[in-house]
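[1] Here is a sequence with its predicted model. Questions after.
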Amino acid sequence: MTQERVSPAVRVDGDVSVPGDKSISHRALILGSLAKGRTYIGNSSPAADVIATATCLRACGVWVRDFPPSRYALDGAGVGVGLRSPDGVLDCANSGTTMRLLAGMLAGSDIEAILDGDVSLRRRPMTRVVDPLRAMGAEVDASPEGTAPLRVQGSRALKALTWRSPVASAQVKSAILLAALSADGPTTVIEPVPTRDHTERMLGMCGVEVVSSGAEVTIHPGPLEPFGLRVPGDLSSASFFLALAASRPGWRVRCTGVGLNPGRTGILTVLEAMGAAVQVDEREPAGGVEPVGDVEVRGTGLHGVTISRSLTVRSIDELPIIAVLASQAEGDTEIRDAGELRNKESDRIAMLETGLRLLGVPCESSAETLVVHGPVRLRPAHLDAAGDHRFAMAWAIAAALVPAGGGESVIDGADAAAVSYPGFFTDLATLLGS
Ligand code: S3P
């Protein structure tokens, strides 16, 4: 476990080039494995989570060659074929996306595999994928608590399904859509609120027929064509710097070539609603399907906002940094409908309450809500990422938001940032000029 010390920022004005998008990189590797022929991926995420997906695919017999730091070539054999049962357990490490999407992919193949992960991943709910995959005819077992390890015995003759998901989760939706490629007819997933639609867009890019309308998506099973894809930058990684820029009048950050999937741009909606100036210059979509653009944020005086329903879902991974930023806004910020935050790499509502209080920020929570009272002059603190990458980074930004001269903060377990953004502390130091 490593510790990082971060001093207050004096002035923030710069450009940051963030690494490739984690969600799209996982899917590019998985869809490339299901396509018949050679796929090329550029600007892939260097995240430990994505490396876990590549390693698991190799263990299932897929030829995956990496050209560090960010390129892959892989050969798929087609949907549900050419895979072999791995010799050992598939280690999904800290990655819920790896576990849930691979469970779906393997449910539609002939092989048997056991998917496991670290202490955090073993705590996270898996019945949300086990239930629909079983309903399609795959054999899937979880622990009695409905958690990992998962055993999957797949089948290439799954039953088509219409599934009304009780949770708004792109991972659940994607697991079902991947299994549905081996089903005997069209499969439909209906979500309570639409989530990021990377899987649908990328399946379309591979020539699969996908019909989407609002919170409902239908997939018609069929073969996938291999592809070449340059993955856009990760807006979730960019959010830490964009939020920092938003916090003070005169501060500015520009992140070029980041993904702007509508299921992910809640952070930009929130920054604008809080009063920040947000400028987006659109570019060519990645693979013809994923929106991409340059985003520039300029700080102003911020005010508190209410985030609920679909905006909560569209900013789900950014809520920790939004809560930190809310401490700098005039008035209350209320994050509602956010019970899913308790099921992430940590209980993020509990983590926010503990950390924000150490920084001197009054806040309170209920099962699904967090309220942050601003504005506050943050005090330097000794904070803990507790194995959650988003907190390694959110606490670093909080430390930078301590008023100049206020002293440095310490972040324990800062190495967790590598789960999504290995170069984060280097890029932050460059931006802060330290
Ligand atoms: C992801 C979906 C979200 C998100 C996670 C990545 C994805 O999880 O929090 O970081 O790539 O599909 P849920 O689908 O569980 O909400």
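    Alright, I've got the coordinates.
[2] For the stretch 251-400 of the chain, which segments count as strands?
    Applying DSSP state E, counting those that start in this stretch to the stretch 251-400 of the chain gives strands spanning 252-259, 277-282, 292-298, 306-307, 331-335, 363-365, 370-374, 382-384.
[3] Nearest to Val419, out of these?
    Closest of those to Val419 is strand 382-384, at 15.3 Å (criterion: CB to CB). Glycine gets a C-beta too; all of them are placed from N, C-alpha and C.
[4] which other helices and strands contact that closest one?
    Contacts defined by 3 or more CB pairs under 8 Å, 6 or more residues apart in numbering; DSSP states H and E place strand 382-384 against helix 348-358, helix 389-400, strand 409-412.
[5] at 10 Å instead, please
    Where contact means 3 or more CB pairs under 10 Å, 6 or more residues apart in numbering; DSSP states H and E, strand 382-384 is packed against strand 3-6, helix 348-358, helix 389-400, strand 409-412.
[6] Next, the buried residues of the first one.
    Residues Glu4, Val6 are the ones in strand 3-6 that count as buried (16 or more other CB atoms under 10 Å).
[7] how much distance is there from it to the middle of the chain?
    Taking CA atoms, centre = their mean, to the nearest Å, one finds strand 3-6 lying 24 Å from the centre of the chain it belongs to.
[8] Point out the other elements, helices or strands, that it touches.
    Judged by 3+ CB pairs under 10 Å, 6+ apart, strand 3-6 is in contact with strand 382-384, helix 389-400, strand 409-412, helix 424-432.
[9] what does the last one give?
    On a contact count with 3+ CB pairs under 10 Å, 6+ apart, strand 409-412 meets strand 3-6, strand 382-384, helix 389-400.
[10] so can I have a markdown table of the ones you listed showing distance to Tyr421 and mean pLDDT?
    Putting the helices and strands packed on strand 409-412 into a markdown table (distance: least, CB to CB, whole Å; pLDDT from 0 to 100) gives the following:
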| stretch | distance to Tyr421 | mean pLDDT |
| --- | --- | --- |
| strand 3-6 | 13 | 98 |
| strand 382-384 | 17 | 98 |
| helix 389-400 | 7 | 98 |
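[11] who touches Thr306 in this structure?
    By CB atoms under 10 Å, 6 or more residues apart in numbering, Thr306 lies in contact with Ala273, Asp332, Thr333, Glu334, Ile335, Arg336, Val371.
[12] Check the gap between the first one and Pro69 for me.
    It refers to Ala273. Shown here: Ala273 relative to Pro69, a distance of 36 Å by CB to CB, to the nearest Å.
[13] which of these two has more neighbours?
    Neighbours were counted for Ala273 and for Pro69 using other CB atoms under 10 Å; Ala273 has more, 17 against 12.
[14] buried stuff in stretch 381-393?
    Ala381, Leu383, Asp384, Ala385, Ala386, Gly387, Asp388, His389, Arg390, Phe391, Ala392, Met393.
[15] does any bit of that stretch sit next to the ligand?
    No - Stretch 381-393 does not reach the ligand (CB under 6 Å from any ligand atom); its nearest approach is 8.6 Å.
[16] Just the endpoints, please. Distance across that stretch?
    Start-to-end span of stretch 381-393 (CA to CA, to the nearest Å) is 14 Å.
[17] re the thing from before, and which of the buried residues of stretch 381-393 is nearest the ligand?
    Of all the buried residues of stretch 381-393, Arg390 has the smallest distance to the ligand: 8.6 Å, by CB to the nearest ligand atom.
[18] For the residue in the stretch 1-150 of the chain that the ligand sits nearest to, grab the count of nearby residues.
    Going by CB to the nearest ligand atom, the ligand is nearest to Ser23 of the stretch 1-150 of the chain, at 3.3 Å. By other CB under 10 Å, 29 other residues sit near Ser23.
[19] And what about it, helix, strand or coil?
    helix (DSSP: H, G, I helix; E, B strand; the rest coil).
[20] So for it, what's the nearest residue that isn't a sequence neighbour?
    Take Ser23 and drop its neighbours on the chain: the residue closest to it by CB to CB, 6 or more residues apart in numbering is His198, 5.4 Å away.
[21] Now do that neighbour, the pLDDT please.
    pLDDT recorded at His198 is 98.
[22] and it, what is it in contact with?
    21, 23-28, 31, 170, 174, 259, 261, 263-264, 289-290.
[23] how about these, which pair is most distant?
    Greatest spacing in these, by CB to CB: Leu31 and Arg264 (18.3 Å).
[24] how close does the residue positioned nearest the centre of the chain get to Ala246?
    Nearest to the mean C-alpha position of the chain, by CA atoms, centre = their mean, lies Ser23 at 5.5 Å. Counting by CB to CB, the gap from Ser23 to Ala246 is 23 Å.
[25] cool, and Val371?
    Separation of Val371 from Ala246 (CB to CB) stands at 20 Å.
[26] And Ala276, by the same measure?
    Remark: distance between Ala276 and Ala246 (CB to CB) = 4 Å.
[27] So these two - more neighbours on which side?
    More neighbours surround Ala246 than the other of Ala276 and Ala246, with 30 against 24 (other CB under 10 Å).
[28] Do I have it right that that one meets Val324?
    No - contact criterion CB atoms under 10 Å: Ala246 and Val324 do not qualify, at 11.0 Å.
[29] after the one helix or strand Arg100 maps to, next one along is what?
    Element membership for Arg100 (DSSP states H and E) is helix 96-107. Moving toward the C-terminus from helix 96-107, the next helix or strand (DSSP H and E) is strand 112-116.
[30] Show residues contacting the next helix or strand after that following strand.
    Following strand 112-116 in sequence order, the next helix or strand is helix 119-122 (DSSP H and E). Contact with helix 119-122 is made by 52, 91-96, 98-99, 115-116, 143, 145, 147-149, 344-346, 386-388, 416, 419, as judged by CB under 10 Å, 6+ apart.
[31] out of the contacts of Thr306, who's nearest Leu158?
    Proximity of these to Leu158 (CB to CB) peaks at Arg336, which lies at 37.0 Å.
[32] residues contacting the closest one?
    Neighbour list for Arg336: Thr306, Ile307, Ser308, Arg309, Leu311, Thr312, Ser366, Glu368, Thr369, Leu370, Val371 [criterion: CB under 10 Å, 6+ apart].
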